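> next input, structure requested:
(chains A, B, C and D)
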Protein chains: 2
Amino acid sequence: MQVHLSAIVAPMPTPSDTTVEAWTAMVSASRRVLERVEGALKAAGLPPLSWYDALLEIERAGKPGIRPFALRERLLLPQYGTSRLIDRIERDGLIEKLACDDDGRGFLVRITAEGRRVRRRMWPVYGKVLAEGFENTASAEQLETLARLCRRIASAG
Amino acid sequence: MQVHLSAIVAPMPTPSDTTVEAWTAMVSASRRVLERVEGALKAAGLPPLSWYDALLEIERAGKPGIRPFALRERLLLPQYGTSRLIDRIERDGLIEKLACDDDGRGFLVRITAEGRRVRRRMWPVYGKVLAEGFENTASAEQLETLARLCRRIASAG
DNA sequence: CCCATCTAGATGCAATTGCATCGAGTATGC
DNA sequence: GCATACTCGATGCAATTGCATCTAGATGGG
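Coordinates of the predicted model:
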C-alpha cells in the first residue's frame, strides 16, 4: 500500500462526505428560512430583515445610543455595509444620529419612537416564520444541540 | 388570570428563546463559513462560490447538458439569477449553450474542458475551509445530527 | 387551424453590495 | 508641538441582486 507523504505531513484538505452534507444542509436551511422571513416582511409592507437586526441592537443600546463601529461588530457586517444601512434607516426616520462628545470622528445612533414602533411590528412577522420553521420541526433539546454545534462552527477557524 | 382568546385559538407566533438562539447561531455559522470560502477563493484568484455550485451541477449532468430551469431547481436560485449566472460563466468560457431539439424556447448548458479544470482547482480551496470549519469542531456523529436537523428545517414550512 | 393560456428564459431599471480609497480626527513617539 | 501611524466613517465606481415585465415557443381547447 502506497501512502503519500502529504497525507502524513499535512491533513488532507478534502472534507468528508458528512461534512459536505452538514454544510449544504445548513446553507439550504438558513437560506430557505431567510427567504421566508424576507417574503413575509415584504408582504406585510415592512422593511427587510437587516433593518430588524440593526434596530434591535440600537434599541438595546438605549438612550445613549451606539457607535457605528460597535454596531458593526454585533451585526457582523462590513464597515461600508453598516455605514449605508445606518443611512437608509435614518432616511426613514427610524433612527437618529447624535454628535459624539468624546470622539469627533464618529457619532452615536439612537432609535426613535417610530423606530421602536416599526421594530415591534416586525417581530411577530419575523417570529412567526421562525416558530414555524423550528418549533414544528425540532424539540427544544434538539434546538439546543443545533445551536451549540453552530456556535462552535461559527467560532472555529 | 386573564387569557386571551388568540392564545387558545391560534398558536402564539412568538418563538422561544431556544429557537432564536438556534436560528441566530445557524445564520452566523453559515455566514462566517461562507465569507471564509469566498475569501479563500478570491485570494486564490478563483471565481466565486456560486460558480462552483453551478459548475458542479452542470458537470454532473454530463455530455447531454442540463436545462436552465432544472439547474435553477437544484441551486435554489431565482430564475433571473440563474439566467445571469449562466451568462457570466459562459462569457468566461467555462460552459457552453447548446440548442435544444425538443424545446425551441430553451437550451442546454454543458461544461467545457476549461470549466472542469477550474472546478477542480476550486475544490481543494473550498474543501479546505469546510474541513477546517467542521471537522476540527465536531465529530462525524455530531455532523450527522446537524445535517439531519438542518434538512428538516429546510423542508419545514 | 386559431385563440387563450402557460412555460422558458431574457432584460430594463432601481436598489444593494463589494472593493478600494479617501478625509477627518485621534493617539503615540519624539 | 509636531510628524506619523492608526481608527472611524463615507463614498465613487463596478458588479450583483431584486423586481417587474417582456418575448418566443409550447400546449390545450374548441
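> right, is the helix ranked longest in chain A up against chain B?
Longest among the helix segments of chain A by residue count, using DSSP state H, is helix A:17-43. Yes. Helix A:17-43 comes into contact with chain B (Cβ under 8 Å from any Cβ of the partner chain), by way of A:18-23, A:25-34. From N, CA and C alone the C-beta is placed, and that goes for glycine too.
> so which of the residues you listed is surrounded by the most neighbours?
Neighbour counts for the residues of helix A:17-43 next to chain B (other Cβ atoms under 10 Å in any protein chain shown) peak at residue A:22, which has 30 neighbours.
> quick one: contacts for that one?
The neighbours of residue A:22, taking Cβ atoms under 8 Å, 6 or more residues apart in numbering or on different chains as the test, are B:134, B:138, B:143-144, B:146-147, B:150.
> burial count for residue A:139?
By other Cβ under 10 Å, neighbour count at residue A:139 equals 10.
> distance of it relative to DNA strand D?
32 Å (Cβ to the nearest atom of the strand, to the nearest Å).
> and the gap between that residue and chain B?
Remark: distance between residue A:139 and chain B (Cβ to the nearest Cβ, to the nearest Å) = 9 Å.
> with residue A:117 instead?
18 Å.
> quickly check: the longest helix of chain A near DNA strand D or not.
Yes. Residues of helix A:17-43 contacting DNA strand D under Cβ under 7 Å from any atom of the strand: A:38, A:42.
> buried sites along stretch A:75-91?
By neighbour count on 16 or more other Cβ atoms under 10 Å in any protein chain shown, the buried set for stretch A:75-91 is A:75, A:77, A:82, A:85-86, A:89.
> repeat that for stretch A:139-157.
Buried, per 16+ other Cβ under 10 Å, within stretch A:139-157: A:142-143, A:145-154, A:156.
> how far off centre is it?
In terms of Cα atoms, centre = their mean, to the nearest Å, the centre of stretch A:139-157 is found 15 Å from the chain centre.
> dump that stretch to PDB, restricted to CA.
Output of stretch A:139-157 as PDB, limited to C-alpha atoms (Å, rounded to 0.1, in the frame of the first residue of the first chain):
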ATOM      1  CA  SER A 139     -37.600  19.600  20.100                       C
ATOM      2  CA  ALA A 140     -36.200  22.100  22.500                       C
ATOM      3  CA  GLU A 141     -33.400  19.700  23.200                       C
ATOM      4  CA  GLN A 142     -32.600  19.300  19.500                       C
ATOM      5  CA  LEU A 143     -32.600  23.000  19.100                       C
ATOM      6  CA  GLU A 144     -30.100  23.400  21.900                       C
ATOM      7  CA  THR A 145     -27.900  20.900  20.200                       C
ATOM      8  CA  LEU A 146     -28.200  22.700  16.900                       C
ATOM      9  CA  ALA A 147     -27.300  26.000  18.500                       C
ATOM     10  CA  ARG A 148     -24.300  24.600  20.200                       C
ATOM     11  CA  LEU A 149     -22.900  23.000  17.100                       C
ATOM     12  CA  CYS A 150     -23.500  26.100  15.000                       C
ATOM     13  CA  ARG A 151     -21.900  28.300  17.600                       C
ATOM     14  CA  ARG A 152     -18.800  26.100  17.600                       C
ATOM     15  CA  ILE A 153     -18.600  26.200  13.800                       C
ATOM     16  CA  ALA A 154     -19.100  29.900  13.700                       C
ATOM     17  CA  SER A 155     -16.100  30.500  16.100                       C
ATOM     18  CA  ALA A 156     -13.900  27.800  14.500                       C
ATOM     19  CA  GLY A 157     -11.200  29.000  12.200                       C
END
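> ok, back up a step: can you pick out the most distant pair from the residues of helix A:17-43 next to chain B?
A:18 and A:34 (24.4 Å; Cβ to Cβ).
> so what's the spatially most central residue of chain A closest to, chain neighbours aside?
Central residue of chain A (Cα atoms, centre = their mean): residue A:75, 5.8 Å from the mean position. Nearest residue to residue A:75 in three dimensions, chain neighbours excluded: residue A:53, at 5.7 Å (Cβ to Cβ, 6 or more residues apart in numbering or on different chains).
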